[in-house]
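[1] Build me a model:
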Amino acid sequence: MLRTLPPPITEAAALSVAGAGLRRYEMGPALIGVGADATVVIVAPGDDPKGSGVQDSTKVLLRGDRIPDLLSRFWGSLPIHVFARLDRGCIPLGTALCRGGATEPASFNRAELELDQPLTREMLDAVRSIPAPGPVPGVEWVDLVETNPIQALESFVLGWFPAEEHEPAEEESTAGELDNLPEALAAFHRLARFRPAIHRFHDPVLTEPHRVSGPLGDRLVVAVWNGAGMDWSIPWPPTEPGEVDPRVWLTEDPYAAEPETILEEEPLSRFLLQFTLNEAMIAAPFHASTYCMLTAHLNALWSMLRSVPLSPFLPTYTAGRFFVAPGLLTQVISDENEAVVGFGAVHRGTLTPLLEHGFRWSRFDG
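    Now for the predicted structure:
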């Protein structure tokens, strides 16, 4: 059955839903009306991931100047009605609850609204049309993974993360112990001078590796996981003279009396690429993830994805395998029977073609 959009109404009619005593506010491009009965939000159409507007089928983001009077309205008990302004008038998107944003009147300049009923795809395409992706990062670096993982990492990072206005001090970026680090780690820190985003990961490769002692002897901690719940380290000083690509140890709960340690399958150069791919997916502007499905349902993906020749990441936890396509990172967690797939993209439009595969999505930003 062909679905149609609800009939548009005038802006005045949309605002009248707020009831008597209407007061109008503007937060960025969004118009907000408050009255005795409700709060009305009218957002502009279009795709603006960092500004006001519809983000996905359930999320509407408001961002703009601070408006202290609105805090009690968004966090109060009166309903919030959301509309989108199109050329023909305003169309209703439904009611919503405030799920995030500023919580103090003096700083109220942002609110995250969650629609009570998800938008249909037709409605979403009407109020948040997706621009063409344009140029996207390529995947040629995959050819280098087995022969030159350091160069593969550099090529991926330079393509995936945009350049920034950043001019680090030469002395700071090469000071101290960095001169003595294995080439893979030194290369990572040199790369961060041109793409500082890789030092802002949720789980960072440390800008200042530190030495520790424990059951494995003296080690140099090079990366941490989730607030230091786990860390990764290399033998320090090197156990073999001239060792250029040392083994990597994962330590769980490193501050425990007897922490558990696991030897990573990949040496440092390949581990750093593995780690960066995982963190780049987490940091990607747009995401999609499926519900658990039969592994056989992945067959349609293989024609569009290239496998990254690395061992599964975190094999004792998720054992995710990485795949890529232009502008798209993919991690597959699977066994012979079931699979879950996650995607990260730099452009929303890169995700949209994935709808053709008919997966059930737990999240879909496309």
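[2] For stretch 318-326, measure first residue to last.
    Taking C-alpha to C-alpha, to the nearest Å as the measure, stretch 318-326 stretches 24 Å from start to finish.
[3] Go ahead and name everything in contact with it.
    Residues from elsewhere that reach stretch 318-326, judged by C-beta atoms under 8 Å, 6 or more residues apart in numbering: 136-139, 142, 274, 277-278, 301, 304-308, 310, 312-314, 329-334, 342, 350. C-betas here are computed from N, CA, C, even on glycine.
[4] 7 Å instead?
    The list of residues contacting stretch 318-326 from outside it, by C-beta atoms under 7 Å, 6 or more residues apart in numbering, reads 136-139, 142, 277, 304-308, 310, 312-314, 330-333.
[5] One more: stretch 155-162?
    Stretch 155-162 has contacts (C-beta under 7 Å, 6+ apart) with Pro137, Gly138, Trp141, Leu144, Leu191, Arg195, Ala197, Ile198, Thr276, Ala280, Val346.
[6] Closest one to Glu11 out of those, please.
    Val346 (35.0 Å; C-beta to C-beta).
[7] wait, the closest one sits on Gly327?
    Yes: between Val346 and Gly327 a contact is recorded at 5.5 Å, counting by C-beta atoms under 7 Å.
[8] who's more crowded, those two?
    Each of Val346 and Gly327 has its neighbours counted (other C-beta atoms under 10 Å); Gly327 has more, 23 against 19.
[9] picking that back up, what do Val346 and Gly327 both touch?
    What both Val346 and Gly327 touch, as defined by C-beta under 7 Å, 6+ apart, is the set Val136, Pro137.
[10] Turn the contacts of stretch 155-162 into a markdown table, including distance to Gly366, secondary structure and pLDDT.
    Compiled in a markdown table, those are given as follows (distance: C-beta to C-beta, whole Å; DSSP: H, G, I helix; E, B strand; the rest coil; pLDDT from 0 to 100):
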| residue | distance to Gly366 | secondary structure | pLDDT |
| --- | --- | --- | --- |
| Pro137 | 17 | coil | 94 |
| Gly138 | 20 | coil | 94 |
| Trp141 | 24 | helix | 97 |
| Leu144 | 29 | helix | 97 |
| Leu191 | 29 | helix | 95 |
| Arg195 | 25 | coil | 95 |
| Ala197 | 22 | helix | 94 |
| Ile198 | 25 | helix | 95 |
| Thr276 | 24 | helix | 97 |
| Ala280 | 18 | helix | 97 |
| Val346 | 12 | coil | 92 |
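[11] Inside strands: which ones of the contacts of stretch 318-326?
    Arg306, Ser307, Thr330, Gln331, Val332, Ile333 (DSSP state E).
[12] For Ser52, give me its contacts.
    Applying C-beta under 7 Å, 6+ apart to Ser52 gives the contacts Met27, Gly28, Pro29, Ala30, Val43, Leu61, Leu62, Arg63, Gly64.
[13] how does it look with 10 Å?
    With contact set as C-beta atoms under 10 Å, 6 or more residues apart in numbering, Ser52 has these partners: 26-31, 41, 43-44, 46, 60-64, 110-111.
[14] quick one, strands of the stretch 151-300 of the chain?
    Listed in chain order, the strands of the stretch 151-300 of the chain (DSSP state E, counting those that start in this stretch) span 205-214, 217-225, 230-235, 249-252, 260-263, 286-290, 293-294.
[15] Go through those strands and name the closest to Val82.
    strand 286-290 (21.6 Å).
[16] now that closest one, how far from the chain's geometric center?
    Put simply, strand 286-290 sits 9 Å off its chain's centre (C-alpha atoms, centre = their mean, to the nearest Å).
[17] Please apply the same query to stretch 143-154.
    Stretch 143-154 sits 24 Å away from the centroid of its parent chain (C-alpha atoms, centre = their mean).
[18] what does that stretch rub up against?
    Outside stretch 143-154, the residues that touch it by C-beta under 10 Å, 6+ apart are 140-142, 155-156, 183-188, 190-191, 194-195, 198, 245, 266-277, 306-310, 322.
[19] Of all the residues in it, which ones are buried?
    Leu144, Val145, Pro149, Ile150, Ala152, Leu153, Glu154 (16 or more other C-beta atoms under 10 Å).
[20] That stretch: end-to-end distance?
    End to end - C-alpha to C-alpha - stretch 143-154 spans 13 Å.
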